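1. Turn this into a structure:
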Amino acid sequence: MKIDWAALGSVFGVSLVVTVALVALFTLGVAGLSRRERATAQGDSAALAVTAAYTCFAACAAAVAYGIYLIVA
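-> Model prediction:
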């Protein structure tokens, strides 16, 4: 059996970048919800923060769904 180290390294690199991107997106979503809480406490409107947070969460869900699709297909 011969291991293709270049392909293994490529898979590792892509999975690392995608994982970091998903964590960053989820963190931005949580930060947006936190801004909503802060704005609500101050009596301001936080529509942009909520929209950004939901967009980040939707992108995370889409990426996870695409990953599951790739595994199943």
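2. Look up which helix or strand residue 57 falls in, please.
-> helix 47-72 (DSSP states H and E).
3. in that helix, what's buried?
-> 49, 50, 52, 53, 56, 57, 59, 60 (16 or more other C-beta atoms under 10 Å). Glycine gets a C-beta too; all of them are placed from N, C-alpha and C.
4. pLDDT averaged over it - what is it?
-> Per-residue pLDDT over helix 47-72 has a mean of 94.
5. returning to what we had before: could I get the buried residues of helix 47-72 in JSON lines, plus columns for distance to residue 31?
-> JSON lines is the format used below for the buried residues of helix 47-72 (distance: C-beta to C-beta, whole Å):
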{"residue": "49", "distance to residue 31": "8"}
{"residue": "50", "distance to residue 31": "12"}
{"residue": "52", "distance to residue 31": "9"}
{"residue": "53", "distance to residue 31": "8"}
{"residue": "56", "distance to residue 31": "9"}
{"residue": "57", "distance to residue 31": "12"}
{"residue": "59", "distance to residue 31": "14"}
{"residue": "60", "distance to residue 31": "13"}
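6. Out of those residues, which comes closest to residue 20?
-> Ranked by distance to residue 20 (C-beta to C-beta), these are led by residue 60 at 12.7 Å.
7. Quick check: the closest one touching residue 23?
-> No - the pair residue 60 / residue 23 is not scored as a contact, 9.2 Å apart, by C-beta atoms under 8 Å.
8. Please list all residues in contact with residue 57.
-> By C-beta atoms under 8 Å, 6 or more residues apart in numbering, the contact set of residue 57 is 26, 29.
9. Go again with 10 Å.
-> Neighbouring residues of residue 57 by C-beta atoms under 10 Å, 6 or more residues apart in numbering: 25, 26, 28, 29, 30, 32, 33.
10. If you go by neighbour count, which of these are buried?
-> For the contacts of residue 57, buried by 16+ other C-beta under 10 Å: 25, 28, 29, 32, 33.
11. for the residues you listed, which one is nearest residue 64?
-> So of these, ranked by how close each gets to residue 64 (C-beta to C-beta), first place is residue 25, at 10.7 Å.
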